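>>> I'll drop the sequence and a predicted model, then ask my questions.
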Amino acid sequence: MLGKLLKYELKATGRTFMPIYAAMLIAAAVTKLISALTAGGSEVPEFISAIVYIMILMGMFVMTFVVMIQRFHKNLLSDEGYLMFTLPVEPWQHIVSKLLISVLWNLGSLVAAFLSIVILTFDEIANRALMLDLFAVIAEFLTIFGPTGSLVVLEIFLAGIATTVFGILLIYASIALGHLSNRHRTMASLGAFLGLTAFAQILFACLTLIPNVRVLQHYMDTLQESLQTSIVLFHYVMWFTIGFFTLLSAGYFLITNHILKKRLNLE
Amino acid sequence: MPWDLKPDRPIYTQLVEHIEWMILSGVYPPGSKLPSVRDLAKEASVNPNTMQRALAQLEEDRLIITHRTSGRSITEDSEMIQKARIRIAREQVSEFLEKMQKLGFDRKEILSIINNMIEEVGK
Amino acid sequence: MNAILECKGLTKSYGGKKALSDVNLTIERGRIVGLLGPNGSGKTTLIKLANALLTPTSGEIRIAGMEPGTGTKKIVSYLPERNYLSDWMRVHDIIGLFRDFYGDFRPDKAYDMLKRLNINPNDKLKTMSKGTKEKVQLILVMSRESELYLLDEPIGGVDPAARDYILETIISNYNPNATIIISTHLIADVEKVLDHAIFIRDGQVVLSSSVDAIREQGKSVDGLFREVFRC
């Protein structure tokens, strides 16, 4: 059943994102083309094309955010909810399917943006010397970390996923909490959002400042002295971040699931 | 003949009457096969349960026969049919006489009116 | 146990208001039941509770012995009063969705009915009139071979010809193992099709009787309703 939900979620959202990605990549290509064709002449056409590209780029990130909210609110908590919640499917499956597809489009937007930049700079990329230098710098940066170098890439990736998932579930939980009120649901959702964010911040402060103070203090003091300890500190911070956001994500997931399962009240 | 069902009497009795009429007036000739319960219910726009009950009643009255494998058919027993015809005729006359009596007609007047009407209709 | 729907002391409150109050009902299989009452009487609340779209404040509701949830959703086919289909879908798409999620859905039945009503499966829902969308929803619901059908105001906003078609569809889909509950305030149109009538007012059941019993007293269900609910 989850697979089927994923399929429909993808279908429903793909029709928005694929055209945007295509438009953005085309805008990048067009800009590059204009730049090449008008080299040495007026810079205005290139400038205009670049502005269009940037607007589409920004639009794409905005849409990623808007669609995420819309899919949850419109598809589950308004009229379409009458269909969704009468399908023989557990509420958690609805949450997970939408979460996974939102993460997908978040990643997709980053990849698409990256590709558009590649298009814009491909002649510089073709410059072998420059690329070799770039890779050399990255490789050297990683070797600083010694044997744990490859771990860094994983940590950065996981941290990215954890914070993205956290952000999405934070929004879902806010919308779900807002749904509990009988009137002014939008206001209630905003209030819930502020509340949940504040809670996250306070929890973070409690966890980092109080128990870890001495540990951090110790490492901070020794920072200048040893490369080794700063590497440990880095990993520590990364895994703490991953753990913290995963924990909060789980909490917000449970809140959302409970509301959808036991406190649903479609108009 | 349209299924004209009145709102203030049980539906199944009206269904029984209607189907009886259809049988006795030759719309469903003796021995002919009856449509399925579902089709009849659709035609009459009624609940199939109700139609089922009406047919069960008619079966009890021996006007309809259920064959185990081939559905329902009208009886070929002409005596049965004749009996039913007479019964309905008597019901109609009884209703008529009641109304006539309420209007204050006596026997002679009633018979005279009937004879006149039969002649007129005959033309 | 032949009951498809059972309510015991079922109560639902919102804030201070009781939408349903201590409802006790047993509905047998194979019946076509009318859930009849004025707007705001609690009909829709009862139906939503049966669909697990709401949870009871107290008391219980059971479908085929189960608490409303994923298990009951497999055997319950629900037609809500509103349009619940995604506008961007084509009719083909929504039929595909029903086929994917409901084991008891019969696509061939759906396509037959669409043809009968001259609805093109390639059309986008967005381009259809409200009446046509309602017909599509009805077709989807009646193309499932479920144990319980819950129809909330199926003939409400529809023209008389469509009403006839809807009643005809309900009759044709009748099977002795399935139960159909029709919630409506348009009683005269639906009477002939009902086995049983439940009158509900202000969240309470005021009458539960077979239609025959009502008519044997020389009244139509509609007539009795008007008496009971006189303003």
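That came through fine.
>>> Return the backbone torsion pair for residue C:65.
Residue C:65 adopts backbone torsions of phi 80, psi -10, taken as degrees, to the nearest 10.
>>> Quickly note the distance from it to residue B:92.
To residue B:92, residue C:65 is 52 Å away according to CB to CB, to the nearest Å. Where C-beta positions appear, they are placed from N, C-alpha and C, glycine not excepted.
>>> Now do the helix or strand hosting residue C:113: distance to the chain's middle.
Using DSSP states H and E, residue C:113 maps to helix C:107-116. In terms of CA atoms, centre = their mean, to the nearest Å, the centre of helix C:107-116 is set 20 Å apart from its chain centre.
>>> buried residues in it?
C:109-111, C:113-114 (16 or more other CB atoms under 10 Å in any protein chain shown).
>>> touching chain B at all, it?
No - on the criterion CB under 8 Å from any CB of the partner chain, helix C:107-116 is out of touch with chain B, staying 13.2 Å away.
>>> pretty sure residue C:151 is in a strand, no?
Yes - assessed by DSSP: H, G, I helix; E, B strand; the rest coil, residue C:151 belongs to a strand.
>>> And the residue nearest the centre of chain A?
residue A:164 (3.7 Å; CA atoms, centre = their mean).
>>> And chain C, by the same measure?
residue C:151 (1.7 Å).
>>> quick revisit: which SSE is immediately downstream of the helix holding residue C:113?
Taking DSSP H and E, what comes next after helix C:107-116 is helix C:130-142.
>>> hmm, that following helix touching chain A?
No - between helix C:130-142 and chain A, judged by CB under 8 Å from any CB, nothing touches; the nearest distance is 9.2 Å.
>>> for that helix, packing partners?
strand C:76-79, helix C:91-101, helix C:107-116, strand C:148-152, helix C:160-172 (3 or more CB pairs under 8 Å, 6 or more residues apart in numbering or on different chains; DSSP states H and E).
>>> Mind checking if the third one is in reach of chain A?
Meaning helix C:107-116. No - legend: contact between helix C:107-116 and chain A by CB under 8 Å from any CB is lacking; minimum distance shown is 15.3 Å.
>>> got it, and the shortest one?
Yes - contact between strand C:76-79 and chain A is present through C:76, C:78 (criterion: CB under 8 Å from any CB).
>>> number of nearby residues for residue 34?
Chain wasn't specified; assuming chain A. Residue A:34 has 18 neighbouring residues, counting by other CB atoms under 10 Å in any protein chain shown.
>>> wait, I meant chain C there
Residues near residue C:34, counting by other CB under 10 Å: 23.
>>> so how far is the helix or strand containing it off the chain centroid?
Assigned by DSSP H and E, residue C:34 falls within strand C:32-36. Put simply, strand C:32-36 sits 8 Å off its chain's centre (CA atoms, centre = their mean).
>>> Quick one: end-to-end length of stretch B:31-42, please.
One end of stretch B:31-42 sits 23 Å from the other (CA to CA, to the nearest Å).
>>> Would you mark the buried spots in that stretch?
B:34, B:37-38, B:40-42.
>>> could you measure the residue of chain A found nearest chain B against residue B:49, distance?
With CB to the nearest CB, the shortest gap between chain A and chain B falls at residue A:86, namely 25.8 Å. Computed as CB to CB, the residue A:86 to residue B:49 distance reads 27 Å.
>>> same deal with residue C:174?
Distance from residue C:174 to residue B:49, by CB to CB: 8 Å.
>>> Mind listing the shared neighbours of those two?
When contacts are counted by CB atoms under 8 Å, 6 or more residues apart in numbering or on different chains, residue C:174 and residue B:49 are jointly contacted by residue C:32.
>>> chain center to the helix or strand containing residue C:48, what's the gap?
Taking DSSP H and E as the criterion, residue C:48 maps to helix C:43-50. Offset of helix C:43-50 from its chain centre (CA atoms, centre = their mean): 10 Å.
>>> Over to stretch A:254-267?
Here stretch A:254-267 is found 25 Å from its chain centre; the criterion is CA atoms, centre = their mean.
>>> what is the mean pLDDT for that stretch?
For stretch A:254-267, mean pLDDT rounds to 92.
>>> Okay, buried residues for that stretch please.
A:255-257, A:259-261, A:264, A:266.
>>> among these, which are in reach of chain C?
A:264, A:266.
>>> Could I get the buried residues of stretch A:254-267 in a markdown table, plus columns for secondary structure and distance to chain B?
Listed next are the buried residues of stretch A:254-267 as a markdown table, based on DSSP: H, G, I helix; E, B strand; the rest coil; distance: CB to the nearest CB, whole Å:
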| residue | secondary structure | distance to chain B |
| --- | --- | --- |
| A:255 | helix | 47 |
| A:256 | helix | 44 |
| A:257 | helix | 42 |
| A:259 | helix | 41 |
| A:260 | helix | 38 |
| A:261 | helix | 37 |
| A:264 | coil | 34 |
| A:266 | coil | 31 |
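>>> which of the buried residues of stretch A:254-267 lies closest to residue C:40?
residue A:266 (16.7 Å; CB to CB).
>>> check contacts around that closest one.
A:77-78, A:81-82, A:85, C:48, C:53.
>>> circling back to that earlier point, list the contacts of the helix holding residue C:113.
Residues contacting helix C:107-116 (CB under 8 Å, 6+ apart): C:91, C:95, C:98-99, C:120-121, C:136, C:139-140, C:142-143, C:169.
>>> Most neighbours among the residues you listed, which one is it?
Most neighbours among the contacts of helix C:107-116, by other CB under 10 Å: residue C:143, with 26 neighbours.
>>> on that earlier part again, return the member of the buried residues of helix C:107-116 nearest to residue A:23.
residue C:114 (35.5 Å).
>>> Domain map for chain C?
Annotated domains of chain C cover C:1-75+C:147-157+C:176-231, C:82-145 [automatic domain parsing].
>>> what about the last one, distance to the chain center?
Spelled out, that is domain C:82-145. Worked out by CA atoms, centre = their mean, domain C:82-145 lies 17 Å from the chain centre.
>>> Quote the end-to-end distance of it.
First-to-last residue span, domain C:82-145, CA to CA: 22 Å.
>>> pLDDT averaged over it - what is it?
On average, domain C:82-145 scores 93.
>>> residue of chain B with the smallest distance to chain C?
For chain B, CB to the nearest CB, closest residue to chain C: residue B:7, 3.3 Å.
>>> List the contacts of that residue.
C:188, C:191, C:215, C:220, C:222-223.
>>> now the residues you listed as TSV including pLDDT, neighbour count and distance to residue C:180?
Below are these laid out as TSV (pLDDT from 0 to 100; neighbours: other CB atoms under 10 Å in any protein chain shown; distance: CB to CB, whole Å):
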residue	pLDDT	neighbour count	distance to residue C:180
C:188	87	13	18
C:191	90	24	14
C:215	89	23	20
C:220	90	19	20
C:222	92	19	19
C:223	91	18	23
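>>> Which two of these have the greatest separation?
Between all members of the contacts of residue B:7, the farthest pair (by CB to CB) comes out as C:188 and C:215, at 13.1 Å.
>>> Now residue A:265. Nearest residue, chain neighbours left out?
Leaving aside its sequence neighbours, residue A:265 sits nearest to residue C:54 (CB to CB, 6 or more residues apart in numbering or on different chains; 6.5 Å).
>>> Determine the number of other residues adjacent to the one you found.
That count, for residue C:54 with other CB under 10 Å as the rule, works out to 23.
>>> hang on, residue C:40 is in a strand, isn't it?
No - read with three-state DSSP, residue C:40 is coil and lies in no strand.
>>> What values do phi and psi take at it?
Per degrees, to the nearest 10, the backbone of residue C:40 is at phi 80, psi 10.
>>> Tell me which residues touch it, please.
Counting by CB under 8 Å, 6+ apart, there are no residues that residue C:40 touches.
>>> For chain A, see how far away it is.
As judged by CB to the nearest CB, to the nearest Å, residue C:40 and chain A stand 14 Å apart.
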